[in-house]
Every structure is written in structure tokens, then in C-alpha cells.
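> requesting a structural model of the entry that follows:
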Amino acid sequence: MIILKSAQEIEKMRVAGQVTARALAGVAAAIRPGVTTAELDRIAEEAIRKEGGVPAFKGYRGFPGSVCLSVNDVVVHGIPGDQVLHEGDILSVDIGAVVDGYYGDMARTYPVGQISDEAQHLLTVTWEALQRGIAAARPGGRLGDISAAVQRYVESHGYSVVREFVGHGIGRKMHEDPPVPNYGVAGRGPRLQPGMALAIEPMVNIGRPDVRILPDGWTTVTADHSLSAHFENTIVITETGVEILTRA
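Below you'll find the predicted structure:
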């Protein structure tokens, strides 16, 4: 069941989104060669709790970290630990906060120092795919409009979208209906209505779309070990368009 949010609920989600965005900014400022993913996780948790929030991912289905930190060929759900970042890596940071019972959820992929042209192009395309998906989210449209916009843009650059993991509705739970795939057909799926809150999150691989989950049960890598990038924003459909809630 798709839950439409009231104006009061949207305001609570706006606050949660802002806390999430500010915490992500703190993590981003600390990304550099030599830092460990555990250090970045600590920065994220402290920032969220300082503003009265709770890290959305910590303990979620047993996940041990406060944020997902995914390096290079790790698509999503990288577990923070003693991994050291190196010059030329790319790091996907997926972060969420719960404030007053409502969720914010967002992701960005960052360069670590100087990165290759190939890696930078992947980041640029994935970011733009997110913008295309958000631009396609309009009241009266269909969910498939978002999915098709992302897929069309990504594949026009020769990249692939991950299919095992998708975006989602969001609100009092981190994952609500409807699922928001990064592939699909325009004009299909549920009607987009004011009050629908969605987490749109393209996960894009340079190589094939296939992924595999490592024995830890969380870390998901590209099957061909190609680089992967991940960008995400929480949005809400309004009467006239869309509002991005994960903005500081």
C-alpha cells in the first residue's frame, strides 16, 4: 500500500532529510587517501546523533554500521571497518537518519583524491541519471516514467543499471511501497500523486549489471569487478512538481 504523506508528515521528513544531508556533508569533508571507512562511519554517527537523530542503518536487519561505505566495485551495503581509502578510489556513501519517527535517505559517490577519467565519467553519468529520474517525477505521471528516464540515460552512455536493488517509498519506515526500479517503461506503474515520498537511487555499473553478495551477507559487488556508482535523494511529489527533501 502506498502511503500519501500529509503536510505535517512532509515537514518531519524535511527535517530528517536535512539532518541526513548535513551528516553526509561532514563525511564528504573527511574523505581523503589514508582515512578508514570506520573513521567515516564514526563521523556520520556523531553528526546524526548531535542533531537528535538516529542512524537509520545501524542495526537494520543486523547491519553493523551507521552508513554503507562502498569502494570501487562494491555497489551497495559496504560495511565500515579497517579498509583504508587510496588515491584513485571512488567511495559510495549511503546514509540515512531517523528524526521524530521519520526517515531521510540519500547517497553520493565521491572521488578519493585524483581519479581516472573513466571513473569521473561514471560519477557524472550516474549523477545526471538521478537528475533525469527526479525530473520525470511529476504529479499525474507514472512511476515507470522515473524508471525509464534513468535507464534510458544510463544505457545511452554504454553503462548498465543494477536490477537486484531498487529505490523505494519512504516515510515512517525506511522501505515502503512502491519499489522504484532504475529500469522500466514510461507510462506504466502506479500514478504519481501529491504526498508520495520516494527514494530514487540509480546504481550504475561501467560493465554488466550482474552483482553478487559476499559471504558477509551484505557487501554487494559487481560480478565482473567493474566500477559502480550510486546516487540517491529522498523526494516528495507536490501539487506542482517535486521537492527534494535531502537538502541541507
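
> residue boundaries of the helices in the chain?
For the chain, applying DSSP state H gives helices covering 7-30, 37-50, 117-135, 143-156.

> redo these as CSV? Include distance to residue 201.
From N, CA and C alone the C-beta is placed, and that goes for glycine too. CSV is the format used below for the helices of the chain (distance: least, C-beta to C-beta, whole Å):
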stretch, distance to residue 201
helix 7-30, 13
helix 37-50, 17
helix 117-135, 7
helix 143-156, 9
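
> most tightly packed of those?
Mean neighbours per residue, mean count of other C-beta atoms under 10 Å, is largest over the helices of the chain for helix 143-156, with a mean of 22.

> residues making contact with that one?
Contacts to helix 143-156, defined as C-beta atoms under 8 Å, 6 or more residues apart in numbering, come from residues 125-126, 128-130, 132-138, 160-161, 178, 180-190, 192, 198, 200, 202, 204.

> just the C-alpha atoms of it, please, in CSV.
Extracted as CSV, the C-alpha positions of helix 143-156 are listed here (Å, rounded to 0.1, in the frame of the first residue of the first chain):
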residue,chain,number,x,y,z
LEU,A,143,6.2,5.5,-11.7
GLY,A,144,7.6,3.9,-14.9
ASP,A,145,8.4,7.4,-16.1
ILE,A,146,11.1,7.7,-13.5
SER,A,147,12.5,4.2,-14.1
ALA,A,148,12.6,4.7,-17.9
ALA,A,149,14.3,8.1,-17.6
VAL,A,150,17.1,6.6,-15.5
GLN,A,151,17.6,3.5,-17.7
ARG,A,152,17.5,5.5,-21.0
TYR,A,153,20.2,7.9,-19.9
VAL,A,154,22.5,5.3,-18.3
GLU,A,155,22.3,2.9,-21.3
SER,A,156,22.8,5.8,-23.8
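
> and that helix, how far out from the chain's middle?
Distance of helix 143-156 from the chain centroid (C-alpha atoms, centre = their mean, to the nearest Å) equals 16 Å.

> stretch 77-88 now?
Its chain's C-alpha centre and that of stretch 77-88 lie 18 Å apart, by C-alpha atoms, centre = their mean.

> can you list the buried residues in that stretch?
By 16 or more other C-beta atoms under 10 Å, the buried positions in stretch 77-88 come out as 77, 78, 79, 80, 83, 85.

> again, but for stretch 213-232
By neighbour count with 16+ other C-beta under 10 Å, stretch 213-232 contains the buried residues 218, 219, 220, 221, 222, 226, 227, 228, 229, 230, 231, 232.

> restricted to strands, list those.
220, 221, 222, 228, 229, 230 (DSSP state E).

> would you turn those into a markdown table with pLDDT and distance to residue 90?
As requested, these are arranged in a markdown table below (pLDDT from 0 to 100; distance: C-beta to C-beta, whole Å):
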| residue | pLDDT | distance to residue 90 |
| --- | --- | --- |
| 220 | 98 | 15 |
| 221 | 98 | 13 |
| 222 | 98 | 12 |
| 228 | 98 | 8 |
| 229 | 99 | 7 |
| 230 | 98 | 10 |
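
> between those, which sits nearest residue 50?
Taking C-beta to C-beta as the measure, residue 50 lies nearest residue 230 of these, at 25.3 Å.
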